[in-house]
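Engineer: prediction below, plus the sequence it came from.
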Amino acid sequence: MAEKINITFLGTGSAIPTARRNHPAILLQYKEQNMLFDCGEGTQRQFRKAKLNPCKITKIFISHWHGDHTLGLPGILQTLALNGYNGILEIHGPHNTKKNIQAILDFNMRNYLRNSKTEGYNFQIKAFDHITGTIIDTDEYEILCTKLDHEAPALAYSFKIKEKNRLNKEKLKKLKIPNGPLIKELTLGKTITINGKKIDGKKILYTEPSRKITIINDTRYIKELESFSKDSDLLICESTYSKEEQEIAKKHGHMTSYDAAKIAKKSKSKELCLFHLSQRYDQIPKIIQKEAKEIFKEKITIPDDLDKVVL
């Protein structure tokens, strides 16, 4: 069985939060990884409301450095320090991410990041500036980014699990095969012999298919996003305005419901999540959903804060 990807929408609103929607923040959990995409004001409280532990965050990805996407960072970092976070936290983002993180640390964190075990703090941060391309590549997954068209340097991100041959754990358990070199042989599809019994690795292997989640935040519509989002199992896309507000959307560096739906259709995504709705649609999100459905005929949802998706 494939490892689950858990997504929690900690904040689904836009520049002005409402009682229903907090500033943007999305948590993606896969195995030991807890990746936070954007960190709007109040995100650390949203963690508590979702009954999630912010001290398990492993990486943070910033789409751009506007306040509604980043003003929760000082609070999150302080919370991690005060609770004895002792790992290495990676923070990825567009141009000036290193500089801006250092400014936050100088302003708010001098007394918290002393790297002194006697005081309970052993907290390191690594910040990265990115433009486009593959930014993380492991045996299990890769993360890619591409430039957006907004009023500040901005990035979209894709999280992609690689297709991989895996051993059926239940069958392994029944066969009572111990951990060791023989497991590697089975993973390669070879036949091994244990206690005089031959075991064909091909019969206990299965292929875990590639899965892809793309997160597109503040941007005008650009055609490159169609190829960047290609074959996404889940496309999470900003939809700040309705189709009637195309000119306003362009002026402010955002997309409409039609724009988001067009990317989903052209990219052949399987499911579309619309978020970052303007406060004017806070109580009537179905207007945006209905408009998008005119173009993209697959599943479309508009998540509320603290909603979860499991892939």
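Structural biologist: Here it is on my side, so go on.
Engineer: correct me, but residue 22 touches residue 305?
Structural biologist: Yes. With contact defined as CB atoms under 8 Å, residue 22 reaches residue 305; the gap is 5.5 Å. In short, each C-beta sits where N, CA and C put it, glycine included.
Engineer: any shared contact partners between those two?
Structural biologist: Common contact partners of residue 22 and residue 305 (CB atoms under 8 Å, 6 or more residues apart in numbering): 10-13, 46.
Engineer: just the ones of those residues in helices?
Structural biologist: Using DSSP state H, the subset of those located in helices is residue 46.
Engineer: could I have the strand or helix carrying residue 290 exported to CSV, CA atoms only?
Structural biologist: Here residue 290, judged by DSSP states H and E, is contained in helix 286-293. Output of helix 286-293 as CSV, limited to C-alpha atoms (Å, rounded to 0.1, in the frame of the first residue of the first chain):
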residue,chain,number,x,y,z
LYS,A,286,-19.8,28.3,-4.5
ILE,A,287,-19.9,31.2,-7.0
ILE,A,288,-16.2,30.7,-7.6
GLN,A,289,-16.6,26.9,-7.7
LYS,A,290,-19.5,27.1,-10.2
GLU,A,291,-17.5,29.3,-12.5
ALA,A,292,-14.5,27.0,-12.5
LYS,A,293,-16.7,24.0,-13.2
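Engineer: which other helices and strands contact that helix?
Structural biologist: In terms of contacts (3 or more CB pairs under 8 Å, 6 or more residues apart in numbering; DSSP states H and E), helix 286-293 is packed against helix 257-266, strand 271-275, strand 299-301.
Engineer: for that helix, what is the average pLDDT?
Structural biologist: The average pLDDT within helix 286-293 is 97.
Engineer: buried set for that helix?
Structural biologist: 287-289, 291-293 (16 or more other CB atoms under 10 Å).
Engineer: can you tell me which of those residues lies closest to residue 69?
Structural biologist: For the buried residues of helix 286-293, the minimum distance to residue 69 (CB to CB) is 19.9 Å, reached by residue 288.
Engineer: tell me who's in contact with the closest residue to that closest one other than its chain neighbours.
Structural biologist: Distances taken as CB to CB, 6 or more residues apart in numbering put residue 257 closest to residue 288, at 4.6 Å, once the chain neighbours are dropped. Applying CB under 8 Å, 6+ apart, we find residue 257 in contact with 239, 241-243, 274, 288-289, 291-292.
Engineer: need those residues in JSON lines with distance to residue 144, can you?
Structural biologist: Below are the contacts of residue 257 laid out as JSON lines (distance: CB to CB, whole Å):
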{"residue": "239", "distance to residue 144": "22"}
{"residue": "241", "distance to residue 144": "27"}
{"residue": "242", "distance to residue 144": "30"}
{"residue": "243", "distance to residue 144": "29"}
{"residue": "274", "distance to residue 144": "22"}
{"residue": "288", "distance to residue 144": "27"}
{"residue": "289", "distance to residue 144": "28"}
{"residue": "291", "distance to residue 144": "29"}
{"residue": "292", "distance to residue 144": "24"}
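Engineer: now the two most distant members of these.
Structural biologist: 241 and 289 (13.7 Å).
Engineer: show me what whichever helix in the chain runs longest is packed up against.
Structural biologist: Longest helix of the chain, by residue count under DSSP H: helix 97-108. Secondary-structure packing of helix 97-108 (3+ CB pairs under 8 Å, 6+ apart): helix 73-82, strand 88-93, strand 124-129.
Engineer: what about dumping the CA coordinates of that helix to PDB?
Structural biologist: Extracted in PDB, the C-alpha atoms of helix 97-108 (Å, rounded to 0.1, in the frame of the first residue of the first chain):
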ATOM      1  CA  THR A  97      14.600  34.700   1.400                       C
ATOM      2  CA  LYS A  98      18.000  34.500   3.100                       C
ATOM      3  CA  LYS A  99      18.100  38.200   3.800                       C
ATOM      4  CA  ASN A 100      14.500  38.300   5.100                       C
ATOM      5  CA  ILE A 101      15.000  35.300   7.400                       C
ATOM      6  CA  GLN A 102      18.100  37.000   8.800                       C
ATOM      7  CA  ALA A 103      16.200  40.200   9.500                       C
ATOM      8  CA  ILE A 104      13.500  38.200  11.400                       C
ATOM      9  CA  LEU A 105      16.200  36.500  13.400                       C
ATOM     10  CA  ASP A 106      18.000  39.800  14.200                       C
ATOM     11  CA  PHE A 107      14.700  41.400  15.200                       C
ATOM     12  CA  ASN A 108      13.000  38.700  17.100                       C
END
